[in-house]
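J.: Structural data only, the sequence is not supplied:
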C-alpha cells in the first residue's frame, strides 16, 4: 500500500501500487473499514465490486490505484465507493460470451449497485474514477 490518506470521519481513502497484491490489500482494508463503521451488511458485495474494479485498473493502467469510501450521513442512505487510476479512458461495459474468461466485472458492478458511473480524475490529476453506490439495508 502506498499510503492511507484518511480513515477518520465519514470517508476513508487509500492508494495502492499497480501490482497484483493491491487487490488483496484493497479487499482487506475495505472490509476492515466497513466493520469499523458498522456496515458489515454490505461488506461482501463491496469487497467483491472493489476487487473487480481494482483488477480492471491493474489490467489496463499503470500507476497508483486509489480506493475511497464515503459513509452516508443517513443510516438508510447509500455507501459511495470510488476506484481511481491514471488511465483517462473510461471502462466499457460489454456482454461477455459464455466462454470468455473476462469481461463481466462492469456487468457485476452495474447489476449489484444502486448506481454507477465514471468521471475524470480529480482537479489537477489525470485519469478517471469509477464509482458505485450501494443502498444500505434499513
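T.: Thanks, I have it. For clarity, every value in this text was computed on a predicted model and none was experimentally measured.
J.: Residue 15 should be in a strand, yeah?
T.: Yes: assigned with DSSP: H, G, I helix; E, B strand; the rest coil, residue 15 falls within a strand.
J.: what about it, neighbour count?
T.: The local packing of residue 15 (other CB atoms under 10 Å) involves 17 other residues. C-beta coordinates here come from the backbone N, C-alpha and C atoms, glycine included.
J.: can you pull up the bridge partners for it?
T.: residue 3, residue 66 (DSSP bridges).
J.: can you tell me how far it sits from residue 26?
T.: 10 Å (CB to CB, to the nearest Å).
J.: in the protein, which spans are helices?
T.: 21-36, 43-60, 105-112 (DSSP state H).
J.: List the contacts of the longest one.
T.: Counting by CB atoms under 8 Å, 6 or more residues apart in numbering, helix 43-60 makes contact with 16, 18-20, 22-23, 26-27, 30-31, 34-35, 65, 67, 69, 79, 81, 83, 85, 87, 89, 91, 105-106, 108-109, 112-113, 130, 132, 134, all of which sit outside it.
J.: Among those, the buried ones, what's the ChimeraX command?
T.: A single ChimeraX command selects the buried members of the contacts of helix 43-60 (16 or more other CB atoms under 10 Å):
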select :16,18,22,23,26,27,30,31,34,65,67,69,79,81,83,85,87,91,105,106,108,109,113,130,132,134
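J.: now the closest residue to residue 35 other than its chain neighbours: how far from residue 78?
T.: In space, and not counting its chain neighbours, residue 35 is closest to residue 43: 6.8 Å by CB to CB, 6 or more residues apart in numbering. Distance of residue 43 to residue 78, computed by CB to CB: 15 Å.
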